[in-house]
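J.: okay, sequence plus prediction incoming.
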Amino acid sequence: MRVLLIATERIEPIDRLPNEVQVSMLIWRILFSLATLPLVVGFLCSTASAQELVPRAYWPTPNGTNVFIFSYQHSSGDIVTDPSLPLTGIDSNIDYLSLSYQRTFNLLERTAIVQLSLPFSRGETHGFHESAFHRRETSGMTDSRVRLSINLKGAPSMDAVGFQALRDDPQMIIGASLLVQVPTGEYEPDKLINLGTNRWSVKPAIGVIWPLRPSWLLEFELGAWFFGDNDEFIDETRKQDPILSTEFHLVKRIQPGFWTSLDVNFYKGGRTSVGVDKRENLQRNWRAGVTMVFPFKRQHAIRSSISTGIVTKSGGDFRMLSLSYLYLW
């Protein structure tokens with residue numbers, strides 16, 4: 001049945017089909033749009049930095065779309081909850097689980113999406129601080145995230161029919177977003193390694209999608225992380241400079257809802273200070289990865305991704321593998 005629907009979509013306009021077939025096809029098309037949403041996995045919620053690789057973060061979906069996302073991720077290497085911690089020789093093996101909800105709605109006649117993510121992690125980390133060896137096993141809730149995005153150009157608020165018209169004839173899209181990381185993670189002031197960061201963090205960003213060909217899209221995002229102070233960092237105050245973040249994604253649409261992307265990012269900044277001591281830990285790193293999404297059974301989809309550090313100045317030299325399940329209604 002799925003093959004028949006895909007073939008029908010390619011050879012006959014939807015308005016010429018029987019009503020029940022039109023409804024079925026529109027459900028499929030909404031699902032296909034779902035596969036393009038910015039899926040928030042545990043790593044993204046747990047490392048407040050510019051290390052994200054999130055393709056199709058500004059691609060719209062029909063008004064009223066709801067999505068539940070369950071994500072698993074395994075990370076290994078030089079990774080901690082806060083990559084600017086004064087640790088060297090870090091080696092971690094961390095598993096993340098994340099529950100996320102997102103909804104598309106009409107905001108000033110534009111497509112807007114709000115997302116809430118609640119992450120949990122369990123793992124082991126060890127490293128050195130001032131020649132002293134530290135090791136800790138952690139398990140519990142990390143910092144949660146809320147993200148609001150709105151499309152400023154090329155994607156007004158739309159129903160499923162309007163979305164199908166956009167899919168058939170992609171236009172340049174410009175969007176803006178605000179990501180807020182809330183200090184809900186578990187934190188012990190006398191410990192270097194924690195699940196939470198004990199500070200607020202925000203990331204405003206702007207993104208652009210350029211259609212290169214009907215089945216190829218080029219995406220770019222420019223943003224910056226701004227961090228609050230941690231006033232309980234081992235009896236001192238810890239501050240961090242902003243981090244400039246960029247992302248590039250080359251997306252290939254293989255068939256409706258089935259796509260893959262090549263992902264690259266670059267981020268610079270984030271130098272920290274503890275008390276009056278300014279640390280030499282400027283981050284200037286590149287990461288690269290691959291993402292793939294595959295829909296199935298009408299209201300379901302699977303997303304997988306893998307990424308690694310390719311140029312590392314300070315922190316961020318780790319490998320990440322993630323798998324997410326999506327349910328749409």
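T.: Done, it's in.

J.: quick check: residue 93 touching residue 126?
T.: No - in this structure, residue 93 sits apart from residue 126 without contact. The criterion is Cβ atoms under 8 Å, and the distance is 10.0 Å. C-beta: built from backbone N, CA, C; applies to glycine.

J.: low pLDDT regions in the stretch 1-150 of the chain?
T.: Scanning the stretch 1-150 of the chain with the threshold set as pLDDT under 70 gives 1-50, 79-86.

J.: what's the helix or strand for residue 161?
T.: Mapping residue 161 onto the secondary structure by DSSP states H and E places it in helix 160-168.

J.: flag every buried residue along the next helix or strand after that helix.
T.: Read in the C-terminal direction, the helix or strand following helix 160-168 is strand 173-182, with elements assigned using DSSP H and E. Applying a neighbour-count criterion of 16 or more other Cβ atoms under 10 Å, the buried positions in strand 173-182 are 173, 175-177, 179, 181.

J.: pull the residues that contact the following helix or strand past strand 173-182.
T.: Note on strand 173-182: by DSSP H and E, the next helix or strand toward the C-terminus is strand 201-213. With Cβ atoms under 8 Å, 6 or more residues apart in numbering as the test, strand 201-213 has contacts from 48, 50, 56-59, 143, 154, 170-181, 217-228, 245.

J.: so the closest residue to residue 311 other than its chain neighbours, which state does it fall into?
T.: Across the structure, with Cβ to Cβ, 6 or more residues apart in numbering as the measure, the residue nearest residue 311 apart from its sequence neighbours is residue 286 (4.1 Å). Per DSSP: H, G, I helix; E, B strand; the rest coil, the secondary structure class of residue 286 is strand.

J.: the stretch 51-200 of the chain: strands as residue ranges?
T.: Taking DSSP state E, counting those that start in this stretch as the criterion, the stretch 51-200 of the chain carries its strands at 66-77, 88-107, 110-129, 132-141, 144-153, 173-182.

J.: can you give me the angle the fifth one makes with strand 173-182?
T.: Going by axes from the mean of the first three to the mean of the last three Cα atoms, to 10 degrees, strand 144-153 is angled at 160 degrees with respect to strand 173-182.

J.: cool, the first one as well?
T.: Computed with the same axes, to 10 degrees, the direction of strand 66-77 lies at 70 degrees from that of strand 173-182.

J.: ok, residue 70 - how many residues close by?
T.: Counted with other Cβ atoms under 10 Å, residues neighbouring residue 70 total 14.

J.: give me the beta-bridge partners of it?
T.: residue 99, residue 325 (DSSP bridges).

J.: next one: it relative to residue 303, how far apart?
T.: 11 Å (Cβ to Cβ, to the nearest Å).

J.: between the two, which contacts overlap?
T.: With contacts defined as Cβ under 8 Å, 6+ apart, the residues adjacent to both residue 70 and residue 303 are residue 324.

J.: got a pLDDT number for residue 285?
T.: We note a pLDDT of 88 for residue 285 in this prediction.
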